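> here is my input; please provide its structure:
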Amino acid sequence: MSGSQRSVAARWDGGLRAVVRAGDFDLVVDEPSTAGGSGTGPQPTDLFLASVASCFLLALLYAAGKAGIELPGLEVQATGTYAGLQFARVDLAVSSAIPAKLLEPLVPVAERVCYVTNTLREVPVLGIQVAGLDTPPLA
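All right, here's what the predicted structure looks like:
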């Protein structure tokens, strides 16, 4: 099944640093100095966890809006547990300054509408194209 697409581009910026263009925004991505980078930005795994946490937070806000509930002080923390060169587990901790009994029913709604957590549940196909001096540029 085909659908709409979204694209970002990463450009090498020296060392282990990249600048990612996402819409109208540039994000600096780097490795910490302990891993050979210069520590001038979050590392890719941090951005991955940030995507999970922020998407789920926005999905909770959507669910709360539909239910007419305000979520003061809403926070979502994502914690990844490494297994080799991947996360074997990602845990989300949701908190807000409202009673848990009001917050908990919003979670299943957020789970249904969160693009990032849905992507993690149904692993997408990863395609890689390569272009060099002797090939046409990538679209």
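> same for whichever strand or helix holds residue 76, what does it pack against?
Element membership for residue 76 (DSSP states H and E) is strand 75-82. On a contact count with 3 or more Cβ pairs under 8 Å, 6 or more residues apart in numbering; DSSP states H and E, strand 75-82 meets helix 44-67, strand 87-95. Where you see a C-beta, it was placed from the backbone N, CA and C, and this is true even at glycine.
> ranking those by burial, who's on top?
helix 44-67 (a mean of 17; mean count of other Cβ atoms under 10 Å).
> walk me through the domains of the chain.
Domains of the chain are assigned by automatic domain parsing as 7-42, 43-123.
> how about the helices and strands packed on strand 75-82 in TSV, adding distance to residue 15?
TSV is the format used below for the helices and strands packed on strand 75-82 (distance: least, Cβ to Cβ, whole Å):
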stretch	distance to residue 15
helix 44-67	14
strand 87-95	25
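> which one of the ones you listed lies closest to residue 117?
helix 44-67 (5.9 Å; Cβ to Cβ).
> and the strand holding residue 76, what's buried?
For strand 75-82, burial by neighbour count (16 or more other Cβ atoms under 10 Å) applies to 76, 78, 80.
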